[in-house]
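Chemist: Here is the input, now give the coordinates:
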Amino acid sequence: LDKGVITATDDELIDVTKRVANFPPDNKFFEMTIQRILEKSHNLGTVVVAEKIENEEFYNAWKKLGFGKPLGVMQRSENSGELRHFSTWGESDKRSLSFGHGPMTTNLAQLARAYLVFANEGSIPSLKIIQTENDANTLAPVFSPDSTKRISEILDSVASIKGSGYRAVIDGYSVAGKTGTAEMVIDGQYNKDGAKRTYFVGYSPAENPKYIMAVRLDYPKKCFLSWAPTKRNRCEGSNSASIAFQKAMKRILINDPEIIPQFEG
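Modeler: Numbers count the residues shown, from 1 in each chain. Down below sits the predicted model:
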C-alpha cells in the first residue's frame, strides 16, 4: 500500500488463476480482493502481490517491522531471530516469506511487536516490561497511517464470521487479527507426519486497541472441524490457536472496567 503496488479497494482484483512456480492456480476464487485474500489466508494471493515488489524493498519492510532485531527489553537473554539478507535469497524465498515462511525465524514477542504497527496508526511504540508514570512512549514510524488503518480494517474482517479467524470472535468486543499455520521443522526438515504449529495474533478493541496477544500452539491435537469430515484432524490457526486467543482475550476484556462492551453478541 505504501509503495502504491496495491490499493486494497473493493474494485481491485488479484488474479489467482495462474500458476506461480510451485503454487497451483486457484479455479475456485479466480479473482480476489486484498481483503478476501487475507480473510481466506490465501497463500497464492499473497505470492502474486509479493511478485510485484522488488526483493530489497520487501526485505526492508520486514526489517522495519522488527524481524531479525532484538526487542531491547531483556538484553542478556533475548533471541533476535533471523531474517536472511535478500542477497542470499533463492528463487522461492520471497514467495514463501510473503505468507510468513521461508528465510526467517522469529518468536511470539516479535510477532506481537510487528502487529503493533496496525494498532498504532503505522508506528511501533518502544517496549517495556514495567512501565512507570514518567515513561515517555516513543513511537517509531514504520508505515503510513492511511495504509495501516486500511489493513487494520481488513484484520477486523479476518476475525469475523467472514474470515479464517472467526473462532477469535468475542461477543461484545471487536477483534482484529490474523491466523497462521506452519509445518513443524524437526532436525532441520519438515515433519513428514504433518505435525503443525498454529498461530493467532490479534488486538482488541479493534478500533481503539488496548491489548495485543500472540498465541502459538505446537502439535495441536484437538481442533474444531468446521466442514466436511475428513480422515485426518486438520489443525490450523483458524480452528486451534484462534480459539485459545478468544478464551484468553475474553477473560482480560470482561475484567477490565475501562473497556465497555461495544455491542451485544
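Chemist: quick one: the residue nearest to the spatial centre of the chain and Gln246, what's the gap?
Modeler: Taking CA atoms, centre = their mean, the centroid of the chain lies closest to Lys178, which sits 4.3 Å from it. Lys178 sits at a distance of 14 Å from Gln246 (criterion: CB to CB, to the nearest Å). (Each C-beta comes from the backbone N, C-alpha and C, glycine too.)
Chemist: Buried residues of the helix or strand containing the residue nearest to the centre of the chain, list them for me.
Modeler: Lys178 is part of strand 176-183 when elements are defined by DSSP states H and E. Within strand 176-183, the residues that count as buried by 16 or more other CB atoms under 10 Å are 176-181.
Chemist: Could you do stretch 100-110 as well?
Modeler: With burial defined by 16+ other CB under 10 Å, the residues of stretch 100-110 counted as buried are 100, 102-104, 106, 109-110.
Chemist: Is Val215 bridged to anything, and to what?
Modeler: Applying DSSP bridges to Val215 gives these bridge partners: Phe200.
Chemist: one step back: give me the lowest-pLDDT entry from the buried residues of strand 176-183.
Modeler: Across the set of these, Thr181 stands lowest in pLDDT, at 88.
Chemist: where exactly do the helices run in the stretch 51-200 of the chain?
Modeler: In order along the chain, the stretch 51-200 of the chain carries the following helices (DSSP state H, counting those that start in this stretch): 55-64, 93-97, 108-119, 145-158.
Chemist: Just send these back as TSV, with mean pLDDT and distance to Arg19 too.
Modeler: Formatted as TSV, the entries for the helices of the stretch 51-200 of the chain read as follows, by pLDDT from 0 to 100; distance: least, CB to CB, whole Å:
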stretch	mean pLDDT	distance to Arg19
helix 55-64	96	21
helix 93-97	95	12
helix 108-119	95	30
helix 145-158	97	26
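Chemist: I figured Ile6 hits Val49, correct?
Modeler: Yes: using CB atoms under 8 Å as the test, Ile6 is close enough to Val49 to be in contact (6.0 Å).
Chemist: got the contact list for Lys69?
Modeler: 63, 80, 110 (CB atoms under 8 Å, 6 or more residues apart in numbering).
Chemist: If we use 6 Å, what do you get?
Modeler: Ser80 (CB atoms under 6 Å, 6 or more residues apart in numbering).
Chemist: now swap in Leu217 and tell me
Modeler: If you count contacts by CB under 6 Å, 6+ apart, Leu217 has them with 198, 240-241.
Chemist: pLDDT wise, what is it at?
Modeler: pLDDT, the model's per-residue confidence, is 91 for Leu217.
Chemist: Which strand or helix spans it?
Modeler: Using DSSP H and E, Leu217 maps to strand 211-218.
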